[in-house]
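Trainee: here is a sequence with its predicted model. Questions after.
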Amino acid sequence: MPHAVAVTVNGTSYPREIEPTLLLVEYLRETLGLTGTHVGCDTSQCGACTVLVDGRATKACTMLAVQADGAEVITIEGLAKNGDMHPIQRAFAKEHALQCGFCTPGLMITAVDFLERNPSPSDAEIRHAIKGNLCRCTGYHNIVNAIRSASAEMRQSAGARPKVAAEVKR
Amino acid sequence: MTASTTPTYIGARVARKEDPRLITGEGTFTDDVTLPGMAYLTLVRSPHAHARIRRIDTTAAKKEPGVVAVFTGKDLEATGMLPVFITVPSMSGSKHMPIATDKARYAGDAVAAVVADSREAAKRAADLIAVDYEPLPIVVDAMKALEPGAPIVHEELGSNLVFTYPVKGGDIDKAFKDAEVKISQRIVNQRLIPNAIEPRAVTAKFEAGELTLWSTTQIPHFVQLIAALNLGLGQNKVRVIAPEVGGGFGSKLQVYAEELLVGFLAKTLGRPVKWTEERREGYLATIHGRDHVSDVELAAKRDGTILGLRVRTVANVGAYLQAFAPGIPTILHVFIVPGAYRIPAFDYEMRGAYTNTTPVDAYRGAGRPEAAYLIERMVDRLADEIRMDPAEVRRKNFIAADAFPFNTISGITYDSGNYEPALDRALAMADYKGFEKRRAEAKTRGNYRGIGISSYVEICGLAPSKVNAALGVGWGGYESARIRVHATGSVQVFTGTSPHGQGHETSWAQIAADALGISPNDIEVRHGDTFESPGMGVGTFGSRSLAVGGVAVHKAAEKVREKVVQIGAHLLEASPADVVVAGGKVFVKGVPEKAKNFGDISMAAYLANNLPEGMEPGLEATVYYDPPNFTFPFGTHIAEVEIDGETGTVQIVKYSACDDCGRQINPMIVEGQLHGGITQGIGQALYEGAVYDSDGQLLSGSMMEYHVPTAEDVPPFDLDSTETLTNTNPLGVKGIGEAGTIGSTPAAVNAVIDALSPLGIKHLDMPLTPEKLWRAIRASGEGRR
Amino acid sequence: MITHPFTYQAPTTIEEAVRALGGAGEAKVIAGGHSLLPLMKLGLAQPEMLVDLRRIASLGEIRTEADGTIAIGALATHRVITHDQTVRAKLTALAEAAGEVGDLQVRARGTIGGSLAHADPAADEPAPTIAFDATIRAVGPKGQRDIRARDYFKGTFETALAANEILVEIRFPAQPARTGSAYAKFAHPASRFAVTGVAAVVTIKSDGSVERAALGVTGAAAAAYRATEAERALTGTKGDAKAIAAAAAKAADGITALSDLVASSEYRKHLVTVYARRAIERAIERARA
Ligand SMILES: Cc1cc2nc3c(=O)[nH]c(=O)nc-3n(C[C@H](O)[C@H](O)[C@H](O)COP(=O)(O)OP(=O)(O)OC[C@H]3O[C@@H](n4cnc5c(N)ncnc54)[C@H](O)[C@@H]3O)c2cc1C
Ligand code: FES
Ligand code: FES
């Protein structure tokens, strides 16, 4: 039986009738056509599907779309604001933190959530934070560099830039 | 590199051209392709590792709402067999249908197919297909598969022996007779699961007699060729597109059943069809890698001089021969086993065996990690035996810098090399001299600390077509490139390579930019579309792309450049010898103020009303480059580990490497390749391993059981490089895609064994998991309980 | 992909939720969904109805009551528990256990109520829950009842909770002064669950000796358990290295240890003793601080 839900994705509310079986990642990719969020596994390990749900990095493959009714979702497509890239995006490119790019959206989203809460992380903390995101290409070395470098930029511009991952309690 | 070009972009850390779309979510991967009216394919896979298919009842499945069609193997025989591209002497090839018709030969072998309006409906219907199996005896272990009386995977072949591949050089008997030290060691190179983070997927449509097939492939042209041949279509009617591909590491270096099935079904059903692998399905149905068991004997003198090496290996190829499977344990393995050393006598016999397991083919390094691991472990065993510093044993046996080109005892020719500087630099980076102090400190913490060296050589740049032919590779090893300069001066490079993370769009642009005297920003590199590329491309694997495909781009760019010079000379009324092409300008040496823009020249080429006498209009060049030899990169990797004395947990505390891949086009990309490669190699050393039970069930069957390294499992990497050019190609480039994987595994294992050597431990098989080390420590009598 | 259909509702009160659970067909509560949805995706759970608790606001709260009891609502996520100042200060082992659950994303969705209701033998939070002698409060058609944590865990995926009951909160009694706690975990490298996790709660006397010790162990056996032999061995000692080691050595006594590809039962038992020692050491250190 379809349910009427409205999920706000990247600032736009999408009222849709959906089946309860639909996973959030399927809703984003198939219902809305936002294919920047990827699926890399079927056991919730890889993190390729990570999006922000009410400001929290969430594996969209392990959440029903109906559970996101009324929520604010930010996907990779919504990370840049008016063509202005988020510091994490710039840092990933600058530090060569991506190769095939498949894991990249999920990693950047996790990093955004993490950095909003921990603006000056140690490398060990960074590595711990991205443990739920598997990358088979980069060996993580440059990803850690990118997150560290983004953290510096975000600290500098804090206040000037609206939080992408402002945590909403629901 | 030709003298006419001064590198501006080659060697620079140019930011990647592919990144803007990938960091914004705009890249299109195969599963992102959705077409109107699309249907979805799901395959039913055998739960049994070996079973005769008695009957398949599809009645209930056909009635499931949303089902379009249900097929068994017999219905789909028209797709033809899956190809094998390499033949080795006396090879016993298997018949491999996309859907098994007679029996399932491994758990995961496809036995039926469902097409439905949605993925969910297809899956529901698949669950309703009742297959009546007659379970057969199972063989999982390759050694056992070759014993008399073993269950036979392919009855028509009479045995499980795929091939026997002997390679000999020198007088092995004499080597062992003269030996002062003999070391025998069984060395197991365990089976790995590639785990590219993007699962495989195929999407196809058939319109107006033309099949368009998107696939997660490293070799779109091979897929095109086989799809055309097998499906009875003109090659001009099959367009294969490898869009963004989310990593491959060899696992997408196949023509897979699903590619032929989706193509066939799109054509037959008249509507687009998509198949997307689920991860656990991929663990069964996407190729695995490695899986060798070797008995190795080394003969040496007490002073550390290696006299001879005798190896008997059985390689588990799994249930069927896949595309490149026969070449991996043979051509890409046996010849490189002597590694960086001058070994006077060599006797290797490699045998391949069929088993009731997932087929094994290329996984990053493919044959060479097995070789480097084997020789580098043996060198450490020797060092331990004669109580000599492992660095010095290596140094003692290294092929001398002045001995290149060097003919190895296994019968190949190394292009160039200079092994000591890389070793020395790595030793310095690792503070090798200061290590014993750190070992002692660790001991006070109750821990074991070790340091491990690996000095590898590998084979890149597959491959000279003539060598291919001699070795039984059923295809040329060239690569193609076309450069098209439009009238306005915009440049497109079409390459036959098919990158999936390697950054060819950037590196190829750098190469072309230097030849054409323009900026890489003005060059667009296009790949992975068989309707755009030059007639045939070979693809991206075996660290071949740069040394073959990149060189093809260079050569094509040189051709274009030559024409630019001719036209420029004509327009500037100068001699071609005096014409300079640089900075987007064309001018006479010494008079840059009177320059023509690059775009003026290209416009002239197309206006064609003022060209040198007899010159064809247009500005375009196509090159098929076939290299004269492989290339042989090398380097030294050093891992330092600390083992928790109580739990056996290993931590890599420092990792240093000095690699030499010849000229580096983009050092940033080179380092990235190394980081990823090293991590996969550490994965093999410490974490990863496919585990089957005796019933052929894959116990490590998902990402919940199989340990793909996370960010917390690997250290930061300290990298340096030396540059020994090759004269195999004009760019002097070798290849770096697999070096990290090849160098790191033995370094990590040698470090762990070094840490435990005070306990008398001489060897342990990978992966070196905590429990394994804990047991070893305890068995040595040292472990605190 | 979930292939079997189900209906879904998200009531706003506990009573409504209980009523929905009691309706026709197999109904299941969904909280964070991080145990349930993976099972449903694999087809291993096929409920006919899901009752989502997310709209019941009261279930997400963490309160300190007048007597010092800390009541953690069932919907409190691992993430919230990890960062909650009260929990960090008073129930350190719980904050540490929550902080070690899975990964950042899992902690953002998964809840303590879900973890305790699911009772995975390798889940982290059961260990501190039993070590702190918490009480599980459930509401069913017959009203509310409290279950002692020690009586709550019955076996693998088995609890004292009835199918039509909702776990509403976990009540942690106030800990005496000079109490310290810690959680030490050996994680499964791939699944990230506990191969072994030990929560130690130790109260010391003013002379530094051990007044009371509680050890909750997870990951090692069919269900989380209290290592009573070890607790007894530690109590009354000086809490020095020797006493700790002797006590920790008993932490796996009498259990039937689990076994898998990562750890055989023998190795698991060994890990329990090592991690028990590490947890006790840190707990005592904190109790003394
Ligand atoms: C990749 C991954 C890694 C993980 N790693 C760990 C780990 O390291 N350690 C660990 O402890 N856990 C781990 N988990 C599990 C995670 O902690 C879950 O969040 C938790 O076990 C269940 O909480 P939930 O809110 O998600 O419950 P749900 O999945 O929503 O529910 C689980 C079960 O409990 C029932 N239930 C839930 N809430 C209630 C309630 N209030 N009353 C009655 N019944 C209820 C449901 O009906 C269902 O049967 C991991 C999960 C994933 C996906
Ligand atoms: S797709 Fe792998 S965690 Fe969601
Ligand atoms: S860049 Fe390929 S998986 Fe991370």
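Mentor: Great, that's in hand. Because the structure is a prediction, the values reported are computed rather than measured. Ligands and ions are numbered 1, 2, ... in the order given.
Trainee: domains in chain A, by residue range?
Mentor: A:3-78, A:87-162 (automatic domain parsing).
Trainee: closest to chain C out of the ones you listed?
Mentor: domain A:87-162 (2.7 Å; CB to the nearest CB). In short, each C-beta sits where N, CA and C put it, glycine included.
Trainee: what's the span of the closest one, first residue to last?
Mentor: 12 Å (CA to CA, to the nearest Å).
Trainee: tell me if it is near ligand 1.
Mentor: No: judged by CB under 6 Å from any ligand atom, domain A:87-162 stays clear of ligand 1, getting no closer than 6.9 Å.
Trainee: what's the distance between that domain and the middle of its chain?
Mentor: 11 Å (CA atoms, centre = their mean, to the nearest Å).
Trainee: quick one: average confidence on that domain?
Mentor: In this model, domain A:87-162 has a mean pLDDT of 95.
Trainee: circling back to that earlier point, got the domains of chain A as JSON lines, with mean neighbour count and distance to ligand 2 columns?
Mentor: What follows is the domains of chain A, written out as JSON lines (neighbours: other CB atoms under 10 Å in any protein chain shown; distance: least, CB to the nearest ligand atom, whole Å):
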{"stretch": "domain A:3-78", "mean neighbour count": "22", "distance to ligand 2": "3"}
{"stretch": "domain A:87-162", "mean neighbour count": "22", "distance to ligand 2": "7"}
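Trainee: closest to B:Ile187 out of these?
Mentor: domain A:87-162 (25.2 Å; CB to CB).
Trainee: with distance to chain B added, can I get the domains of chain A in a markdown table?
Mentor: Supplementary listing: the domains of chain A in a markdown table, determined by distance: least, CB to the nearest CB, whole Å:
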| stretch | distance to chain B |
| --- | --- |
| domain A:3-78 | 2 |
| domain A:87-162 | 3 |
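Trainee: and residue 56, what does it touch?
Mentor: Defaulting to chain A. Residues in contact with A:Arg56 (CB atoms under 8 Å, 6 or more residues apart in numbering or on different chains) are A:Asp113, A:Ala165, A:Glu167, C:Arg79, C:Ala108, C:Arg109.
Trainee: oops, chain C please
Mentor: Applying CB under 8 Å, 6+ apart, the residues near C:Ile56 are C:Pro11, C:Thr12, C:Thr13, C:Ile14, C:Ala17, C:Leu75.
Trainee: of those residues, just the buried ones, PyMOL syntax please.
Mentor: Entered in PyMOL, the line below selects the buried ones among the contacts of C:Ile56, by 16 or more other CB atoms under 10 Å in any protein chain shown:
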select buried, chain C and resi 11+14+17+75
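Trainee: just give me the closest of the contacts of C:Ile56 to ligand 1.
Mentor: C:Leu75 (7.0 Å; CB to the nearest ligand atom).
Trainee: how close does that closest one sit to ligand 3?
Mentor: Going from C:Leu75 to ligand 3 by CB to the nearest ligand atom, to the nearest Å gives 33 Å.
Trainee: over to B:Ile187?
Mentor: 30 Å.
Trainee: which strand or helix spans the residue sitting nearest the centre point of chain A?
Mentor: Nearest residue to the geometric centre of chain A (CA atoms, centre = their mean): A:Ile109, 2.7 Å. Here A:Ile109, judged by DSSP states H and E, is contained in helix A:104-117.
Trainee: and that helix, what does it pack against?
Mentor: Judged by 3 or more CB pairs under 8 Å, 6 or more residues apart in numbering or on different chains; DSSP states H and E, helix A:104-117 is in contact with strand A:50-53, strand A:56-59, helix A:87-94, helix A:123-129, helix A:141-157, helix C:104-109.
Trainee: hmm, back to that, from what I see, the residue nearest to the centre of chain A and A:Val73 are in contact.
Mentor: No: contact criterion CB atoms under 8 Å: A:Ile109 and A:Val73 do not qualify, at 10.4 Å.
Trainee: between the two, what contacts are shared?
Mentor: A:Val51, A:Leu52.
Trainee: the helix holding A:Ile109 to helix A:141-157, inter-axis angle?
Mentor: Computed by axes from the mean of the first three to the mean of the last three CA atoms, to 10 degrees, the angle separating helix A:104-117 from helix A:141-157 equals 40 degrees.
Trainee: the residue in the stretch 601-750 of chain B positioned nearest to ligand 3: what secondary structure?
Mentor: Per CB to the nearest ligand atom, B:Gly676 is where the stretch 601-750 of chain B lies closest to ligand 3, at 7.9 Å. Of the three states, B:Gly676 takes helix according to DSSP: H, G, I helix; E, B strand; the rest coil.
Trainee: tell me the contacts of it?
Mentor: A:Gln99, A:Arg136, A:Cys137, A:Thr138, A:Gly139, B:Gly740.
Trainee: could you dump those residues to JSON lines with secondary structure and distance to B:Asp132?
Mentor: Supplementary listing: those in JSON lines, determined by DSSP: H, G, I helix; E, B strand; the rest coil; distance: CB to CB, whole Å:
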{"residue": "A:Gln99", "secondary structure": "coil", "distance to B:Asp132": "46"}
{"residue": "A:Arg136", "secondary structure": "coil", "distance to B:Asp132": "39"}
{"residue": "A:Cys137", "secondary structure": "coil", "distance to B:Asp132": "43"}
{"residue": "A:Thr138", "secondary structure": "coil", "distance to B:Asp132": "47"}
{"residue": "A:Gly139", "secondary structure": "coil", "distance to B:Asp132": "47"}
{"residue": "B:Gly740", "secondary structure": "helix", "distance to B:Asp132": "48"}
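Trainee: and which of those residues is nearest ligand 1?
Mentor: A:Arg136 (17.3 Å).
Trainee: ok now do the closest one, which residues does it touch?
Mentor: Contacts of A:Arg136 (CB under 8 Å, 6+ apart): A:Cys103, B:Pro194, B:Asn195, B:Ala196, B:Ile197, B:Gly247, B:Phe249, B:Gly676, B:Gln680, B:Val708.
Trainee: got the contacts of B:Gly676 as CSV, with distance to B:Gly93 columns?
Mentor: Shown next, in CSV, are the contacts of B:Gly676 (distance: CB to CB, whole Å):
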residue, distance to B:Gly93
A:Gln99, 35
A:Arg136, 31
A:Cys137, 33
A:Thr138, 38
A:Gly139, 37
B:Gly740, 33
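Trainee: so which of the domains of chain A is nearest ligand 3?
Mentor: domain A:87-162 (3.2 Å).
Trainee: picking that back up, and the residue of the stretch 601-750 of chain B closest to ligand 3, what pLDDT?
Mentor: Reading off the model, B:Gly676 has pLDDT 98.
Trainee: what's the answer for B:Asn468, then?
Mentor: 82.
Trainee: the nearest residue to it once chain neighbours are set aside: how many residues sit nearby?
Mentor: Sequence neighbours aside, B:Gly477 is the residue nearest to B:Asn468 in space, at 4.8 Å (criterion: CB to CB, 6 or more residues apart in numbering or on different chains). Other residues lying near B:Gly477 total 22 when counted by other CB atoms under 10 Å in any protein chain shown.
Trainee: wait, what's in contact with B:Gly477?
Mentor: B:Leu462, B:Ala463, B:Pro464, B:Ser465, B:Val467, B:Asn468, B:Val538, B:Arg544, B:Val548, B:Asp626, B:Pro627.
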